[in-house]
Structure formats: structure tokens, C-alpha cells
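Colleague: coordinates only, sequence not included:
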């Protein structure tokens, strides 16, 4: 049986009338890298704050290593957190910043040699050994990030919490740090909860993703499950770039749907004949030739991204549907284009978007 | 008057022309003269005997320097006592106020507790009450506590002034919450957060508060006049004013005392001006 590092049991968090977290039930395994993904204000950072003890839950229970931590002060929870702004102590050198968490350990604070060794080890893990005597204002964004990581690593906590730690870095550095973080996680093997609104970050880093919206966990699953089988319109729209097309349709029964003038067949159930539905088509799943499920229309816009071209099509009752065409392509606006979809790529959701037909 | 530098239209750098510089320096020079003139006049008066004080035409530098005023000040008055009292009371109030105000400011700025807003509003109301309106009730309170004529009569009421709390609070509010959360997660107790994180980060605010408090106490006149009746327990301001008797005013003696009284505060200001000016500049440049 896999050991559980963290458990949220029916956790609610309210700020006056605003419900920030709605009935959160979540198990996080030891050594797992869990990503909380969602738009701003969806409650993902609140989950970290609840776990860290910065906020108290309105109701529900939180366990770390099987121990109820609701009433424990942050310093007794054995969790380390890397903040979006890094929260380095600006008046202390990098070495003092890394040392800070060790000071609360009375037994350790007398053993200077051990402390120096621990600082050196943590600094080496994140490659900032040559910056130890500098103060944070003299460091670049990437270096500050590493110092924040070293400070979290140094006291060997049970759980790592990371609140959008890469969002202040430029795109190139973010890629490097992402790779670095994954390697680091593999090395130390501790449960990590990582908050981001960047779906690419979530997909590339996570063992499992929790997609959040309006305080509720919409779907919990591996990146592949989230991408291939989104449980509702929100998850389907939030994960994947370009965004999934949503088209109103009607069930024809027998796993078929009518969307405008097109008849599409899905591998998913479409309910009884006549049921109004929402059909989801990812632009990236489209094949640029006629095949099984065809959607045809006039090109109204064309965006060349380098590796491929995103074409926007309109046809009769359907407008503004986007498809990916691999490569540059010679189509111009006004031309007719046709795309086809494999049945497993035709997603079917309830009319209100809150669920899917499985 | 102002010359636009650079040929590009989007360059807005303005450099003053020589006439503007001349006028600016002239105005500054004039202001400096106006500021320093009273000091020079006091210096001059303090080294004159009574006769040359009223000589006509007045002379700035007397032919013979007269040190009798200074001798008299140290031998016949309690000037050294007054200086000690003023510095001792000023330092005590400054140190106690820094400790109390910083702790109060931290709790009002960053901690959550019941009644926080009521306490905040009450303190703010207290700032609005003029000191003169408090003198009589304060006198009765201090008298009833049996503290009249003691150092405590001067120290305790000054500690209740909440202005410093608001000054320091504004410094602490500007510190990001994440710093404090991070320290708490790193195992720091509230006391460690306060002493190792908050205090060093608001050091410039503490210096400003310390200088203001000390200067305010150093120049305080009204309350010591009311609360202290024993001459040897008096502070400089009241002491110097007592040198003026009903019928004769010894301007030479008063000038010597006034001049010496400015020395400690000048030293303090020169020693701390690095922090003081840096802080005024940084707050000026922020916006």
C-alpha cells in the first residue's frame, strides 16, 4: 500500500461570505509531485496556506503523515514553502537565509560544523555555492529562486509547498528551472504540492494534477487522464492549447451527435436521441484531411505559430472553430478547409458543461 | 531659463542653465545665513560682559572675550543637573518608546486579534488631542500617583503618545506578509519574527522615530514646567528660562546656556543624519 503523506478531509475555507475552498477531499502520496492547477482566485494558494498553517480551515481536517495538524502552529507542521516572491530575508546573506530554519533546532544550533555542512549541501543541490556571501538584492531572479529552494531543502521537511515559484522568471529560465525542479524532486523524493496557473508547467511536471475552479477540485488525475478524459467543460477548456472548441449539438443516439450540418461519431456515450449536448473538439486533435468525422468550412483567420498554423473556420451555424494544421500550409483566408476527428477525440459534455457523458 | 537637452523629441532631460544655478545658490546661501545668524548672535552674546552687551554700535566680535558667563553658569546654576536630567529623561523615553511602539505597531500591522480596529481607532483619536488640553488632567493623575517632582512624571506621560506607533506601523505594513509567513514556517517564534526580521527591516524607521522622540523631549517645556518644581530635577528648557529673573535679564548667561544646550542635539543629529536623510530621501523618491 502506498503511504499517504497528506490528507484533506472535507475541508472548507470561507473568508466572510466568500467560499475559497469547497469540500476538498484529497490524498497525496509520499514522493508524489502534485500540481494544483487553476485560474487566479480558484483557491489553489489557499490550499497551500491551509496546509502550511498560514490560514485555518473553517471546517474539515488536514493530516500530515497521519497526524492531525489543524491546531498546530506552522513551525510544528514540518512543511517548507517556496513563495512566489521567494520571501528571502533581504538583510541576511544567502548563507544566513539558508541557515534560518536550522536556528529553531536547539540541539543543532550548538553544532556549528554540522550547520555549515548542511548549508553547503543545500547550496550545492541548487547550485548557488558561490553566492553564499551575497545578500538577496544582489542576486538575479533565478538565483533568488534557488536560494528560496535551498532554504526549503535545508531542514529536510516532510512536505514541500511551492506557490507559483517560477512565475517571476523569464520563459527561458523557467524551462531550465522546471527541469531542475523535477530532478530535485526525484533526488529528495518528498511529497511536493506545486501551485501554478500554467497548464504547460502542470502537464510537464506533475505526477497528478488537481484542476481547481471556484474553490472546488474539478478533476484529480494524471496529466494524461486530465488531457484525454476531461470530466467537464471547464477542465477541457482550461487544459490544452489552443483551447478546446465547444460546439452545441444534439444526440442522434448510438454514440452519434449532430453539430450544425455535421454528423459526428464519438467513442463516448451520447445519451438518448434528442438530448442537447456540448461537443468538445481539440484543435490539436484535428487531422487536415477528410476522414471519419469531418468538419468543413471557410477559413476566416490564419495564425502561423512556427511549427504549425491555427486556422479558424466558419460554416453555417458554426462560427470561430479553430483547428491546428501542422506546418505552414498554403491555405489563405476565404479558402475552404476540411478537418477530421477520430471518434475517441470527440468529447461529449452535458448541456450545462458540468459533466461529461462517459 | 531651462534648456531642453538632446535633439530627439522624446528626451525630456532638463538641465538648469548658469543663471538658474546662480539664483538657486543665492537663495540657498541667504537661507543658510538666516538660519545660522541667531546662533552666531548667541555665540557673540555669550562671550560679552554686561557692558559690551549694550555697546553702540553693537560689535559682533568683542575686543576682549569674556568667559564669565560660562563660569557663572557652571558655578552658580544647576546647569549640569539640568543637562543630565534632560539627556537621561530623553534617552529613557526614547528607548522605552521604541520598544513599546515597535511591538504595538507590529501587532496592529500584522497580527489578527479581537478588538484590533477599536484599539487602532482609539489610538488615532488620542493623536488628535492637543497636548495643552491634557495638561490639567495629566497633572491631577500624576499628582494622585505621587509622582510629581520625579523623573517618572516626565517619562510616563510621554510613553502614552501613540504617534510613533502609527509611524512604525506604516513601515511594518509595507513589509510583505510572505516574509513573516516564511519565517514562521522556518520555525521562528513570534518573538524571533519580531526581533530578527521586523526590527532590522524597519531600522531606518526606528532611527527616525528615535531622533524625533529625543528632539521632542529635549525641547519639551510646558509639561516639565508643570510637573517638576525642584530646581535640581528640572530639565534644560525650563532651567534656562528660570535664569531670567523678574527684574534683571542676564542675556550673556542665557546665551551661554542656550549655546551649550544645542551641543548634544547637534551631535545626535550629525551622528544619525546618514540614516535620517537617507530615509527622508527614500520616502521622497518612492512614489
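Modeller: Great, that's in hand. A quick note: this is a predicted structure, and the numbers were derived from the prediction, not measured. Residues are numbered from 1 along each chain as shown, chains lettered A, B, ... in the order given.

Colleague: whichever residue of chain B sits closest to chain A in helix, strand or coil?
Modeller: Using CB to the nearest CB, residue B:187 is the residue of chain B that sits closest to chain A, at 2.9 Å. From N, CA and C alone the C-beta is placed, and that goes for glycine too. Secondary structure, DSSP: H, G, I helix; E, B strand; the rest coil: residue B:187 is coil.

Colleague: surely it and residue A:103 touch.
Modeller: Yes. The pair residue B:187 / residue A:103 is scored as a contact, 7.2 Å apart, by CB atoms under 8 Å.

Colleague: give me the spatial nearest neighbour of residue A:160, chain neighbours excluded.
Modeller: residue A:192 (4.3 Å; CB to CB, 6 or more residues apart in numbering or on different chains).

Colleague: what's the domain layout of the chain?
Modeller: All of this refers to chain A. Listed domain ranges for chain A are A:4-237, A:238-349 (source: automatic domain parsing).

Colleague: oops, I was thinking of chain B
Modeller: B:2-70, B:77-286.

Colleague: now the longest one: mean pLDDT?
Modeller: Pointing back at domain B:77-286 there. What domain B:77-286 shows for mean pLDDT is 90.

Colleague: ok, now the first one?
Modeller: Domain B:2-70 shows a mean pLDDT of 81 in the predicted model.

Colleague: which residues does residue A:160 form a beta bridge with?
Modeller: residue A:80, residue A:192 (DSSP bridges).

Colleague: ok, it touching residue A:191?
Modeller: Yes. The pair residue A:160 and residue A:191 passes the contact test of CB under 8 Å, sitting 7.2 Å apart.

Colleague: which of those two has more neighbours?
Modeller: Set residue A:160 next to residue A:191 and count neighbours by other CB atoms under 10 Å in any protein chain shown: residue A:191 wins out with 25 against 22.

Colleague: I'd say the more buried one and residue A:29 touch.
Modeller: Yes. With contact defined as CB under 8 Å, residue A:191 and residue A:29 form a contacting pair (6.8 Å).

Colleague: tell me the spacing between the residue of the stretch 1-150 of chain A found nearest chain B and residue A:110.
Modeller: Nearest residue of the stretch 1-150 of chain A to chain B (CB to the nearest CB) works out as residue A:104 at 2.9 Å. Relative to residue A:110, residue A:104 is positioned 13 Å away (CB to CB, to the nearest Å).

Colleague: check residue A:5 too.
Modeller: Residue A:5 is 31 Å from residue A:110, by CB to CB.

Colleague: who has more neighbours, those two?
Modeller: residue A:5 (22 against 9).

Colleague: assign a three-state SS to that one, would you?
Modeller: Classified using three-state DSSP, residue A:5 is strand.

Colleague: which residue, other than its chain neighbours, is closest to residue A:280?
Modeller: That would be residue A:347: by CB to CB, 6+ apart, it lies 3.5 Å from residue A:280.

Colleague: how distant is the host helix or strand of the one you found from the center of its chain?
Modeller: Assigned by DSSP states H and E, residue A:347 falls within strand A:346-349. From the chain centre to the centre of strand A:346-349 is a distance of 22 Å (CA atoms, centre = their mean, to the nearest Å).

Colleague: for it, which helices and strands make contact with it?
Modeller: helix A:233-238, strand A:276-281 (3 or more CB pairs under 8 Å, 6 or more residues apart in numbering or on different chains; DSSP states H and E).

Colleague: now those in TSV, with mean pLDDT and mean neighbour count?
Modeller: Formatted as TSV, these follow (pLDDT from 0 to 100; neighbours: other CB atoms under 10 Å in any protein chain shown):
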stretch	mean pLDDT	mean neighbour count
helix A:233-238	94	22
strand A:276-281	93	22
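
Colleague: as JSON lines, the domains of chain B with mean neighbour count would be great.
Modeller: Listed next are the domains of chain B as JSON lines, based on neighbours: other CB atoms under 10 Å in any protein chain shown:
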{"stretch": "domain B:2-70", "mean neighbour count": "12"}
{"stretch": "domain B:77-286", "mean neighbour count": "17"}
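
Colleague: what segments of chain B are strands?
Modeller: Counting by DSSP state E, chain B has strands at residues B:2-4, B:14-16.

Colleague: contact residues of the stretch 101-250 of chain B facing chain A?
Modeller: B:176, B:178-179, B:181-189, B:192, B:197, B:200-201 (CB under 8 Å from any CB of the partner chain).

Colleague: now do 10 Å
Modeller: B:175-190, B:192, B:196-197, B:199-201, B:203 (CB under 10 Å from any CB of the partner chain).

Colleague: which secondary element of chain A has the worst mean pLDDT?
Modeller: helix A:106-109 (a mean of 77; mean pLDDT, DSSP states H and E).

Colleague: that one packs against which elements?
Modeller: For helix A:106-109, the packing partners by 3 or more CB pairs under 10 Å, 6 or more residues apart in numbering or on different chains; DSSP states H and E come out as helix A:112-125.

Colleague: quick one: the helix it packs on near chain B?
Modeller: No. If you take CB under 10 Å from any CB as the test, helix A:112-125 misses chain B, and the best it gets is 12.9 Å.

Colleague: in contact with the residue lying closest to residue B:167 once chain neighbours are set aside, which residues?
Modeller: Nearest non-adjacent residue to residue B:167, counting by CB to CB, 6+ apart: residue B:209, 5.6 Å away. When contacts are counted by CB atoms under 10 Å, 6 or more residues apart in numbering or on different chains, residue B:209 touches B:94, B:97-98, B:101-102, B:105, B:163-165, B:167-168, B:171, B:202.

Colleague: name the nearest residue to the residue minimising distance to the centre of chain B, ignoring sequence neighbours.
Modeller: Centroid-nearest residue in chain B: residue B:215, 2.0 Å away (criterion: CA atoms, centre = their mean). Nearest non-adjacent residue to residue B:215, counting by CB to CB, 6+ apart: residue B:265, 6.3 Å away.

Colleague: show me what residue of the stretch 151-300 of chain A gets nearest to chain B.
Modeller: Taking CB to the nearest CB, the stretch 151-300 of chain A has residue A:151 as its residue nearest chain B, at 7.2 Å.

Colleague: ok but that residue is inside a strand, no?
Modeller: No. Judged by three-state DSSP, residue A:151 forms no part of a strand; its state is helix.

Colleague: OK, contacts around it?
Modeller: So residue A:151 contacts A:80-82, A:86-89, A:94, A:97-102, A:119, A:122, A:126, B:182, B:185-186 (CB under 10 Å, 6+ apart).

Colleague: find the residue closest to residue A:131 in space, skipping its chain neighbours.
Modeller: Closest to residue A:131 by CB to CB, 6+ apart is residue A:94, at 5.1 Å.
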